[in-house]
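# Next one to model:
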Amino acid sequence: MINKIINSKMLAMLIGAWITYCAGVGDYGGAVFLLFFYSLLLWDLNTKKPPALVTPMAISN
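Numbers count the residues shown, from 1 in each chain. Just a heads-up that it's a prediction; the model follows:
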């Protein structure tokens with residue numbers, strides 16, 4: 001479910017609108033933070049997780 005929320009167009013639009021607002025009022029620190037935070041969310045989402053290790057005990061049982 002979290003994957004659908006992170007990849008949603010609605011969330012991207014809201015973050016983009018808030019970044020535009022922050023830049024418009026001159027709060028560039030907030031805009032840069034949001035860009036960094038959202039890019040971290042997307043980067044972590046697209047990393048491949050290693051497969052779970054299978055122990056010999058699990059195979060023999």
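
# next one: phi and psi at residue 27?
Dihedral pair for residue 27: phi -90, psi 80, per degrees, to the nearest 10.

# Which helix or strand in this protein has the lowest average pLDDT?
helix 56-60 (a mean of 56; mean pLDDT, DSSP states H and E).

# how near is residue 21 to residue 40?
Taking CB to CB, to the nearest Å as the measure, residue 21 falls 21 Å from residue 40. (C-beta placed from N, C-alpha, C; glycine too.)

# again with residue 19
15 Å.

# Comparing the two, which shows the higher neighbour count?
A count of neighbours by other CB atoms under 10 Å puts residue 19 above the other of residue 19 and residue 40, at 19 against 10.

# ok, residue 28 - how many residues close by?
Using other CB under 10 Å, residue 28 is surrounded by 11 other residues.

# and it, how far is that from residue 9?
Residue 28 is 25 Å from residue 9, where distance means CB to CB.

# Done for today, thanks.
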